[in-house]
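Chemist: predicted structure and sequence below. I'll ask about it afterward.
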Amino acid sequence: MKHGSTLFLKIAVFLIGTPVLALCIFGLPWLANNPANPDYAHILYPILIGMYVSAIPFYIALYTAFKLLSYIDKNQAFSELSVKALKKIKFCAITISGLYVVIMPFVFLVADLDDAPGLIIIGMVPIFASMVIAVFAAVLQRLLQEAIDIKSENDLIV
């Protein structure tokens, strides 16, 4: 039962990474070559560079999540390896959020030139989504560390 649930989660991690890879390979180059308005195409380049750079911590976090699921398969869920994996996921999520905060002034310029205020809200989604993931990973990291501490205390008593 446990192996089946982690297998499902491993497949989900793979399926999460696939559309982002397709976007990096096909979508972003197409957007760079075919801007909606050629007058402000030069403003799109910092946004595209930021999106490409944010893919690096995204895939680091996915790989770390895959390793964390492998630790669960090996019955090492309550180990320092799991705590370190959650810490790395947290820092990757914070990095992604920071990168999109840096991109936001360029998104604002494009939204202002194109008269599209909804673009600002769409640009804020990755910031808040990655911050939610960072907070969730931080809470799990702290809970797991406390569980490990309690387990090591109990092992010393018995």
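Modeler: Alright, I've got the coordinates.

Chemist: going forward, measure contacts and count neighbours with C-alpha atoms only.
Modeler: Will do.

Chemist: surely Leu28 meets Ile47?
Modeler: No: contact criterion CA atoms under 8 Å: Leu28 and Ile47 do not qualify, at 10.0 Å.

Chemist: settle it for me: which of the two has more neighbours?
Modeler: Per other CA atoms under 10 Å, whichever of Leu28 and Ile47 has more neighbours is Ile47, with 21 against 17.

Chemist: buried ones in stretch 128-142?
Modeler: Under the neighbour-count criterion of 16 or more other CA atoms under 10 Å, stretch 128-142 has Ser130, Met131, Val132, Ile133, Ala134, Ala137, Ala138, Leu140, Gln141 buried.

Chemist: does the third one sit in a helix or strand, and which one?
Modeler: It refers to Val132. Per DSSP states H and E, Val132 falls inside helix 118-157.

Chemist: quick one: average pLDDT of stretch 62-77?
Modeler: Taken as a whole, stretch 62-77 has an average pLDDT of 90.

Chemist: quick one: the strands in this protein?
Modeler: Under the criterion DSSP state E, the chain carries no strands.

Chemist: can you show me the helices along it?
Modeler: 2-22, 28-33, 41-73, 80-114, 118-157 (DSSP state H).

Chemist: deepest-packed of these, please.
Modeler: The highest mean neighbour count among those, using mean count of other CA atoms under 10 Å, belongs to helix 80-114: a mean of 19.

Chemist: if I look at the residue sitting nearest the centre point of the chain, how far off is Ala41?
Modeler: Nearest residue to the geometric centre of the chain (CA atoms, centre = their mean): Phe58, 4.3 Å. Plainly put, Phe58 is 26 Å away from Ala41 if you go by CA to CA, to the nearest Å.
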